[in-house]
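A.B. asks: Structure for the following, please:
(one chain, ligands or ions: 3)
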Amino acid sequence: MTAPKYHLTSYGCQMNKLDSELVETKLQQRGYSAATAEADADVVLINTCSVRQHAEDRVWSKLGKLRIRKRTEPQLVVGVIGCMAQEHKRYMLARMPHIDLIVGPSAFGDIDDTVEKARTRNRELVAQREPARTKHEVVGAGMVSVDHGISGDSIKRNVKVRPHQSQAYMSIMRGCNMPCSYCIVPTTRGDEISRPIADLVDEANRLVDDGVSEITLLGQTVNAYGRDLKGQDATLARLLRELHGIPALRRLAFITSHPNFLSPDLIDVLAELPKLSRYLHLPAQSGSNAMLKAMRRGYTVERYKKRIEQLWAKVPDMELHSDFIVGYPGETEEDFEATVALMKELRFSQSYIFKYSPRPGTLSAELVDDVCDAEKNRRNQVLLAVQEELSAERNQAVVGSTVEVLVEGESKVAGRMTGRTSQHRLIHFASTDKQLVGQYVPVTVTEALAHSCVGDLQGHDAAEGGAHDLQYDRDLDHEQDPAQVSGS
Ligand code: SAH
Ligand code: SF4
Ligand code: F3S
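C.D. replies: Ligands and ions are numbered 1, 2, ... in the order given. Just a heads-up that it's a prediction; the model follows:
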């Protein structure tokens with residue numbers, strides 16, 4: 001019998017993507033193999049995000065399409081996993097009875113059992129029934145595993161299941177204990193649980209032994225790491241020191257930081273340890289104190305700026321990335337202008353800008369969503385334009401210098417390769433040498449675009465470069481993380 005095939009699509013943050021790798025590990029250990037296309041899969045899983053309505057809408061519409069497929073393939077297993085599963089639980093089954101399994105992030109540890117059970121249940125159903133002709137006749141196994149399953153942290157990671165040869169994410173904590181008024185993450189991910197330092201050092205060593213040279217540590221408030229590990233002296237600063245000692249590790253980064261936990265200790269470590277990446281994702285969310293208070297972020301604009309001053313005093317080359325929400329309930333034009341002003345003053349290198357989206361069950365969902373969509377759109381566009389200018393300016397500042405690039409792969413435009421610097425700057429350069437993937441190469445930056453730079457490879461046999469043409473460079477520049485320009 002051939003191995004059953006699964007197909008897994010991931011939405012949402014990096015943590016979800018990493019969870020997907022863990023789920024794949026479990027399925028592969030159980031004898032499943034990855035389908036090349038969703039249409040060939042026996043099991044279709046969707047790892048979902050609830051952070052904004054738009055993220056959920058995409059999943060509902062995908063589920064609608066899968067219902068049509070299940071009319072003629074009733075044995076197909078359709079599974080919704082991750083944050084939407086946790087958030088909506090059984091409601092999903094009421095709305096979409098063809099779903100076979102609903103598994104929250106805390107129940108990934110035995111997801112292979114759940115999938116197997118659903119497959120068996122479907123075979124029984126198929127034996128009993130004719131294929132469905134109307135959408136109402138399409139039924140699924142209806143398995144729900146949320147809240148009290150076996151946690152995903154129980155999965156011993158198979159380090160070979162990862163998309164990039166030289167780069168890996170590592171989750172150092174789960175959940176979030178912060179009280180931000182608008183945010184669904186504490187509901188979908190639960191309380192903060194930090195993994196012990198020894199486990200993390202072990203996982204990092206296994207990744208590095210398998211060829212990884214850049215590790216990015218993940219947590220919703222990654223710099224609050226260790227708060228729950230009482231008496232173990234576990235802090236992000238200490239963890240970074242331990243991991244920094246792994247000889248073959250060359251770059252170490254961490255996302256996402258919360259302004260309240262940018263401690264002097266962490267700043268010292270950033271200043272001291274050369275392998276630490278030179279960017280900090282430190283979402284400000286707003287430049288208005290009234291909004292920050294309403295959002296329950298726990299800091300003022302002044303305090304945020306002070307922390308950055310302290311950071312730049314010790315680590316002047318640190319690039320700053322942020323998230324901003326526009327159109328939070330009650331946000332006036334003045335509040336919004338204060339956000340524009342903060343952005344310009346701190347000259348962020350990159351920002352993700354989001355239109356406020358009320359999430360049922362959060363505190364702010366009780367408030368009237370009083371900034372209309374057209375105005376949210378306008379504010380979103382204004383901030384995006386300001387950020388583009390700032391990003392281009394920051395990129396311009398490195399033109400003429402030679403930077404170290406970790407080559408990530410071929411660019412979408414033929415004849416070019418793409419990689420990132422330790423400041424997370426995307427760099428394109430002329431080369432067709434695929435052997436460069438995973439290597440650290442020197443590139444002299446010749447041109448700055450809004451979201452990336454173009455440069456010449458040094459000390460390698462670079463392909464014929466030629467003069468850049470503008471349209472071509474624009475195409476290159478759009479090979480960025482799409483979320484960066486998302487206003488959804
Ligand atoms: N833990 C991270 C980010 C989590 S969610 C942090 O606290 O920084 C990623 C981003 O989504 C947030 O920073 C915020 O800008 C945005 N976001 C969260 N909830 C949102 C909502 N209800 N509407 C719009 N944007 C939201
Ligand atoms: Fe959400 Fe705030 Fe936690 Fe970030 S810190 S995940 S915005 S509650
Ligand atoms: Fe979304 Fe869940 Fe991440 S809600 S942002 S996938 S933690």
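
A.B. asks: is ligand 2 contacted by stretch 288-297?
C.D. replies: No. Stretch 288-297 lies out of reach of ligand 2 by CB under 6 Å from any ligand atom, never closer than 7.4 Å. C-beta coordinates here come from the backbone N, C-alpha and C atoms, glycine included.

A.B. asks: Residues contacting that stretch, please?
C.D. replies: Here stretch 288-297 makes contact (CB atoms under 8 Å, 6 or more residues apart in numbering) with 179-182, 259, 285-286, 299-301, 325, 328-331, 334-336, 338-339, 363-364.

A.B. asks: which residues touch residue 56?
C.D. replies: Here residue 56 is in contact with 48-50, 84 (CB under 8 Å, 6+ apart).

A.B. asks: For these, give me JSON lines that also has distance to residue 440.
C.D. replies: Below are the contacts of residue 56 laid out as JSON lines (distance: CB to CB, whole Å):
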{"residue": "48", "distance to residue 440": "36"}
{"residue": "49", "distance to residue 440": "33"}
{"residue": "50", "distance to residue 440": "38"}
{"residue": "84", "distance to residue 440": "39"}
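
A.B. asks: Check those one by one and keep those near ligand 3.
C.D. replies: Restricting the contacts of residue 56 to those near ligand 3 - CB under 6 Å from any ligand atom - leaves 49-50.

A.B. asks: and the contacts of residue 56, which of them are in strands?
C.D. replies: residue 48 (DSSP state E).

A.B. asks: Output the contacts of residue 56 in CSV; the columns should cover distance to ligand 1 and neighbour count.
C.D. replies: CSV is the format used below for the contacts of residue 56 (distance: CB to the nearest ligand atom, whole Å; neighbours: other CB atoms under 10 Å):
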residue, distance to ligand 1, neighbour count
48, 14, 29
49, 9, 23
50, 9, 25
84, 14, 26
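
A.B. asks: And the buried ones among the contacts of stretch 288-297, selectable in ChimeraX?
C.D. replies: Typed into ChimeraX, the line below selects the buried ones among these, using 16 or more other CB atoms under 10 Å:
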select :180,181,182,259,285,286,299,301,325,328,329,331,335,336,338,339,364
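
A.B. asks: Go back to the contacts of stretch 288-297 and keep what's next to ligand 1.
C.D. replies: 182, 285, 325.

A.B. asks: List the residues that contact the second one.
C.D. replies: Under the criterion of CB under 8 Å, 6+ apart, the contact list for residue 285 reads 291-292, 295, 297, 322-325.

A.B. asks: Same question for residue 239.
C.D. replies: Contacts of residue 239 (CB under 8 Å, 6+ apart): 172, 197, 200, 217, 225-226.

A.B. asks: How about the secondary structure of it?
C.D. replies: helix (DSSP: H, G, I helix; E, B strand; the rest coil).

A.B. asks: what's the weakest-modelled helix or strand in this protein?
C.D. replies: The helix or strand of the chain with the poorest confidence is helix 470-477; it has a mean of 52 (mean pLDDT, DSSP states H and E).

A.B. asks: top of the contacts of residue 239 by neighbour count?
C.D. replies: residue 225 (26 neighbours; other CB atoms under 10 Å).

A.B. asks: excluding its backbone neighbours, what's nearest that one?
C.D. replies: Nearest residue to residue 225, sequence neighbours excluded (CB to CB, 6 or more residues apart in numbering): residue 236, at 4.4 Å.

A.B. asks: for the stretch 101-250 of the chain, which spans come out with low pLDDT?
C.D. replies: 132 (pLDDT under 70).

A.B. asks: Do a quick rundown of the strands in it.
C.D. replies: 101-103, 143-145, 167-171, 173-174, 193-194, 214-218 (DSSP state E, counting those that start in this stretch).

A.B. asks: Show me which residues of this protein are close to ligand 3?
C.D. replies: Checking the chain against ligand 3 by CB under 6 Å from any ligand atom, the hits are 12-13, 15-16, 49-51, 83, 184-185, 188-189.

A.B. asks: try 8 Å this time
C.D. replies: 11-13, 15-16, 47-51, 55, 82-84, 87, 105, 184-185, 188-189, 220 (CB under 8 Å from any ligand atom).

A.B. asks: For the protein, just list every one of the helices.
C.D. replies: Using DSSP state H, the helices of the chain run over residues 14-29, 53-72, 83-88, 91-95, 111-128, 185-189, 197-209, 236-244, 264-272, 289-294, 301-314, 333-346, 373-396, 470-477.

A.B. asks: so how many other residues sit close to the residue lying closest to residue 387 once chain neighbours are set aside?
C.D. replies: Counting by CB to CB, 6+ apart, residue 387 lies nearest to residue 351, which is 4.7 Å off, once chain neighbours are set aside. For residue 351, the tally of surrounding residues (other CB under 10 Å) stands at 24.

A.B. asks: Show the contacting residues for residue 351.
C.D. replies: Residue 351 neighbours (CB under 8 Å, 6+ apart): 321-324, 343, 383, 387, 484.

A.B. asks: That one bridge partners, please.
C.D. replies: residue 322 (DSSP bridges).

A.B. asks: Can you give me the separation between it and ligand 2?
C.D. replies: Per CB to the nearest ligand atom, to the nearest Å, residue 351 is found 15 Å from ligand 2.

A.B. asks: Quick one, grab the pLDDT at that residue.
C.D. replies: With respect to pLDDT, residue 351 scores 97.

A.B. asks: what's the spacing between it and residue 162?
C.D. replies: 28 Å (CB to CB, to the nearest Å).

A.B. asks: Just list the residues touching the nearest residue to residue 443 once chain neighbours are set aside, thanks.
C.D. replies: Spatial nearest neighbour of residue 443, excluding adjacent residues (CB to CB, 6+ apart): residue 455 at 4.0 Å. Residue 455 makes contact with 403, 405, 427-429, 443-447 under the criterion CB under 8 Å, 6+ apart.

A.B. asks: 6 Å instead, please
C.D. replies: Residues near residue 455 by CB atoms under 6 Å, 6 or more residues apart in numbering: 427, 429, 443-446.

A.B. asks: which residues pair with it across the strands?
C.D. replies: Assigned bridge partners for residue 455, using DSSP bridges, are residue 429, residue 445.

A.B. asks: Just want the residue of the chain that's nearest ligand 3.
C.D. replies: Proximity of the chain to ligand 3 (CB to the nearest ligand atom) peaks at residue 12, 2.7 Å away.

A.B. asks: I figured that residue hits residue 49, correct?
C.D. replies: Yes. Counting by CB atoms under 6 Å, residue 12 touches residue 49, with 2.8 Å between them.
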